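>>> Give me coordinates for this.
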Amino acid sequence: MEVLQSPSLRISPHPLSLRRKSPIRIQRPNFNRPNHKNPPSISASASVPKRETDPKKRVVITGMGLVSVFGNDVDTYYDRLLSGESGIGPIDRFDASKFPTRFGGQIRGFKSDGYIDGKNDRRLDDVLRYCLVAGKKALENSGLGAGNLDKIDKIRAGVLVGTGMGGLTVFSDGVQALIERGHRKITPFFIPYAITNMGSALLAIEIGFMGPNYSISTACATSNYCFYAAANHIRRGEADLMLAGGTEAAIIPIGLGGFVACRALSQRNDDPKTASRPWDKDRDGFVMGEGAGVLVLESLEHAMKRNAPIIAEYLGGAVNCDAYHMTDPRADGLGVSTCIERSLEDAGVAPEEVNYINAHATSTIAGDLAEINAIKKVFKNTSEIKINATKSMIGHCLGAAGGLEAIATVKAINTGWLHPTINQFNPEPSLEFDTVANKKQQHEVNVAISNSFGFGGHNSVVVFSAFKP
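You can find the predicted model right below:
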């Protein structure tokens, strides 16, 4: 990503920060470490990754819910992705005529009928409205609509929905009220609706879930961090079921202006629908999007006891940090490649088993190729892997990106169809992957990974597959 840089901000990482630490659940020794000479012989079975078999620790996906530029229905959302439709257009929520970027993945005609009462709907920040609707829709999809919630132990059910920006509209309005009319005109909801934990809190209040409840805010890596943490609550026996994902609503003047100031956004105002073009030589920045994506994660044991619809399995994940720069990825890709490796170790998956990657692929100059280079370090045979970019159609939904992309990944597993990466006009020659360019493809997904990375160097990778008893 091209941004203004101060030399003082580029800090060389300490050599010790590059040392790999063994993950808690390592299944095989790594003899590729420096200075590891003459490794001892091991049995063939010891070198094979092992997946979790304990039904109390296996984590399955039983529900999905979203709010997107393509509406609030998961099947409609994926159908429009498969058709290669762009959800990007001119911003008309406010006057954007003076901004160098005047378009985005703006949600229009959002409806919360039946999910949020009228009084709250009028005063909630959009980031909270999106969270509540996506979360409740995920529960419905899981067979836990309002009439069925008493069938589970709510003390052992939690919520972990994060956001990168929080309630940006209420924050912006509050600052304006303070400057123009004084502190007495600040809404009493200013703090509650601006803080990042309130989406999880309000969702829990409305459905009565009393288990683990907080938010994680790691910029555009937020949703995957939430999936990883939520799954680990289940694996440790601290919860039977978790609602997890991300929500974002930053397409307002201060949000747009802030990313413009970072020099992060595309300025292709003459043709917004082709502005998000991951891995294309002529890409010029990412396109802002918004929405929410939430999964219902639960232990296999709990899902089977209540005869839940098991959609897919969460095999594992990993998170780490580049420890390099506020906005730029590491040139050597070490943080991302290590994160992918650790996610596979956590999942009990060999690299050869992965044949689909939903990439972070934001359409920035440096970021797209840095991710590809990191992927190549882990997966030596690129011909067996298909890779695509959901952001080419819905834009970059920041903290919600991983949630919406996880849903696309699971739908690919379920349907056997991969959505295209649109706007592939002039691909980078070093790409070396089938990016499902411009047209959907049939593909039986064995194991899929979904990548998300955030400002600050936050890396996160989650691993999914079809559920096999």
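
>>> In the stretch 351-469 of the chain, mark out all the helices, start to finish.
Here the stretch 351-469 of the chain has its helices, by DSSP state H, counting those that start in this stretch, at 365-378, 391-394, 401-415.

>>> from the ones you listed, which stretch is densest packed?
Neighbour counts averaged per stretch over those are highest for helix 391-394, at a mean of 30; criterion: mean count of other C-beta atoms under 10 Å. Bear in mind the C-beta positions are built from the backbone N, C-alpha and C, glycine included.

>>> neighbouring contacts of that helix?
Applying C-beta atoms under 8 Å, 6 or more residues apart in numbering, the set of residues contacting helix 391-394 from outside is 68-70, 80-81, 84-88, 105, 276-278, 286-287, 289, 291, 360-363, 397, 401, 404-405, 419-423.

>>> number of nearby residues for the closest residue to His396 other than its chain neighbours?
Of all residues not flanking His396 in the chain, Phe286 sits nearest, at 4.4 Å (C-beta to C-beta, 6 or more residues apart in numbering). Per other C-beta atoms under 10 Å, the neighbour tally for Phe286 reads 28.

>>> Would you mind measuring from Phe286 to Pro90?
Using C-beta to C-beta, to the nearest Å, one gets 17 Å for the distance from Phe286 to Pro90.

>>> ok, now Asn224?
30 Å.

>>> packing partners for the helix or strand harbouring Phe171?
Phe171 belongs to helix 168-181 when assigned by DSSP states H and E. In this structure, helix 168-181 packs against helix 126-141, helix 190-194, helix 253-261, with contacts taken as 3 or more C-beta pairs under 8 Å, 6 or more residues apart in numbering; DSSP states H and E.

>>> Out of those helices, flag the one nearest Val349.
Nearest to Val349 among these is helix 126-141 (25.2 Å), distances taken as C-beta to C-beta.

>>> relative to helix 401-415, how tilted is the closest one?
Inter-element angle recorded for helix 126-141 and helix 401-415: 20 degrees (by axes from the mean of the first three to the mean of the last three C-alpha atoms, to 10 degrees).

>>> could you say what helices and strands helix 126-141 packs with?
strand 59-67, strand 157-162, helix 168-181, helix 198-207, strand 241-248, strand 291-299.

>>> Include mean pLDDT when you put the helices and strands packed on helix 168-181 into CSV, please.
Shown next, in CSV, are the helices and strands packed on helix 168-181 (pLDDT from 0 to 100):
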stretch, mean pLDDT
helix 126-141, 98
helix 190-194, 96
helix 253-261, 97
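
>>> give me the number of residues near Ala146?
When neighbours are counted by other C-beta under 10 Å, Ala146 registers 13.

>>> what separates it from Ala359, distance-wise?
Ala146 is 37 Å from Ala359, by C-beta to C-beta.

>>> Number of residues surrounding Ser68?
31.

>>> mind checking how far it is from Gly105?
Counting by C-beta to C-beta, the gap from Ser68 to Gly105 is 8 Å.

>>> shared neighbours, these two?
Counting by C-beta under 8 Å, 6+ apart, the contacts common to Ser68 and Gly105 are 87, 291, 394.

>>> what pLDDT does the first one get?
Model confidence at Gly87, given as pLDDT, is 98.

>>> ok, now the last one?
The score at Ile394 is 98. That number is its pLDDT.

>>> The second one too?
For Gly291, the model assigns a pLDDT of 98.

>>> so who does it touch?
Counted by C-beta under 8 Å, 6+ apart, Gly291 has contacts 66-69, 105, 107, 130, 134, 247-248, 394, 397, 400, 404.

>>> ok so, going back, most packed of the helices and strands packed on helix 168-181?
Of all the helices and strands packed on helix 168-181, helix 126-141 carries the top mean neighbour count, a mean of 27, counting by mean count of other C-beta under 10 Å.

>>> just how off-centre is it within its chain?
Distance of helix 126-141 from its chain centroid, counting by C-alpha atoms, centre = their mean, to the nearest Å, is 16 Å.

>>> now do stretch 183-193
With C-alpha atoms, centre = their mean as the basis, the mean position of stretch 183-193 lies at 30 Å from the chain mean.
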